[in-house]
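Enquirer: no sequence for this one, just the structure:
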Ligand SMILES: Nc1ncnc2c1ncn2[C@@H]1O[C@H](COP(=O)(O)OP(=O)(O)O)[C@@H](O)[C@H]1O
Ligand SMILES: [Mg+2]
């Protein structure tokens, strides 16, 4: 009993035999994995291997076709749509390749949106801290269209972190960024793990991004085919070439 409790608290997100089909396409083909709390995991694989589907299922954005997903020990398959939405809003942060900011809102409104959707007033000290961390203190009144891609992604990252989520899921967050701003975003994800003990799951096809993680999962045709701990760029590349 004691062991089970310890395991349950060490797990941020758990998947058991998860499948996802789209018509005849088996996008996820029986995925079992545990993301431990305070870990930084990269998920790599060729285009179409199921990375985004994996992230959507693991985060509760999408329902699975089979199997179980647990977030913070809660089996999300058994939750109503409303409860799943609330759990996502309270415990999960998302960052996407296309930033997904609301064009009509300024940076501050975008960043505080998850709080306001949950009916909470943004804590000024918290907002200031997060804005400082992503380096956007002098851009709060700008609209997304007035920002560079790197600034937009840093705003999206602040929006993902403002609720202090237990888990941050990022789907190719550096895919549209130049190498230097990509590094800024990866450093901030790394800090979310190292400074505040959050859990990060990063989908990427870039070996230079994957090396920021503690370990790399390789997906092929909807299955996890390998894990590489303490990844180096050359180790990631050589594993990549044989996928
Ligand atoms: N909404 C969808 N409808 C139909 N097929 C989909 C949908 N989303 C993904 N797929 C298919 O599932 C497979 C995995 O896609 P995806 O998870 O997007 O891969 P990746 O992110 O690794 O490029 C692909 O064959 C893709 O065409
Ligand atoms: Mg994808």
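Expert: Nice, I can see it. Since this is a predicted model, take the numbers as computed values, not measurements. Ligands and ions are numbered 1, 2, ... in the order given.
Enquirer: Show me what from the protein comes close to ligand 1.
Expert: Residues of the chain lying close to ligand 1 by Cβ under 6 Å from any ligand atom are 22, 25, 27, 45, 47-53. All C-beta spots, glycine's among them, are computed from the backbone N, C-alpha and C.
Enquirer: Which residue comes closest to the residue nearest the centre of the chain once chain neighbours are left out?
Expert: For the chain, residue 169 is the residue whose C-alpha lies nearest the centre (Cα atoms, centre = their mean; 0.8 Å). Leaving aside its sequence neighbours, residue 169 sits nearest to residue 59 (Cβ to Cβ, 6 or more residues apart in numbering; 4.6 Å).
Enquirer: likewise residue 53?
Expert: residue 27 (4.1 Å).
Enquirer: tell me the SS of that neighbour?
Expert: strand (DSSP: H, G, I helix; E, B strand; the rest coil).
Enquirer: neighbours of it, just the number please.
Expert: 21 (other Cβ atoms under 10 Å).
Enquirer: All the helices of the chain, in order from the start?
Expert: 2-10, 51-58, 81-91, 107-117, 124-133, 149-161, 179-194, 207-210, 233-241 (DSSP state H).
Enquirer: Please point out which parts of the longest one sit buried.
Expert: Read that as helix 179-194. 181-186, 188-190, 192-193 (16 or more other Cβ atoms under 10 Å).
Enquirer: what does the fourth one give?
Expert: Buried residues in helix 107-117, counted by 16+ other Cβ under 10 Å: 107-115.
Enquirer: what's the answer for the shortest one, then?
Expert: Taking 16+ other Cβ under 10 Å as the neighbour-count basis, helix 207-210 is seen to contain the buried residues 207, 209-210.
Enquirer: min pLDDT across these, which one?
Expert: Per-residue confidence across these is lowest for residue 207, with 92 (pLDDT).
Enquirer: Who is the residue nearest to residue 70 when sequence neighbours are not counted paired with across the strands?
Expert: Nearest non-adjacent residue to residue 70, counting by Cβ to Cβ, 6+ apart: residue 14, 4.2 Å away. Legend: beta-bridge partners of residue 14 under DSSP bridges are residue 34, residue 70.
Enquirer: so how many other residues sit close to residue 14?
Expert: Residue 14, neighbours per other Cβ under 10 Å, totals 21.
Enquirer: got a list of what it touches?
Expert: 33-35, 68-70 (Cβ atoms under 8 Å, 6 or more residues apart in numbering).
Enquirer: filter those residues to the buried ones?
Expert: Buried, going by 16+ other Cβ under 10 Å: 33, 35, 69-70, out of these.
Enquirer: what's the closest of the residues you listed to residue 163?
Expert: Nearest to residue 163 out of the buried ones among the contacts of residue 14 is residue 35 (Cβ to Cβ; 18.4 Å).
Enquirer: The closest one and ligand 2, how far apart?
Expert: 18 Å (Cβ to the ion, to the nearest Å).
Enquirer: Next: residue 195.
Expert: For residue 195, the distance to ligand 2 (Cβ to the ion) stands at 28 Å.
Enquirer: Please tabulate the buried residues of helix 207-210 in a markdown table, including the columns distance to residue 235.
Expert: Converted to a markdown table, the buried residues of helix 207-210 look like this (distance: Cβ to Cβ, whole Å):
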| residue | distance to residue 235 |
| --- | --- |
| 207 | 9 |
| 209 | 14 |
| 210 | 10 |
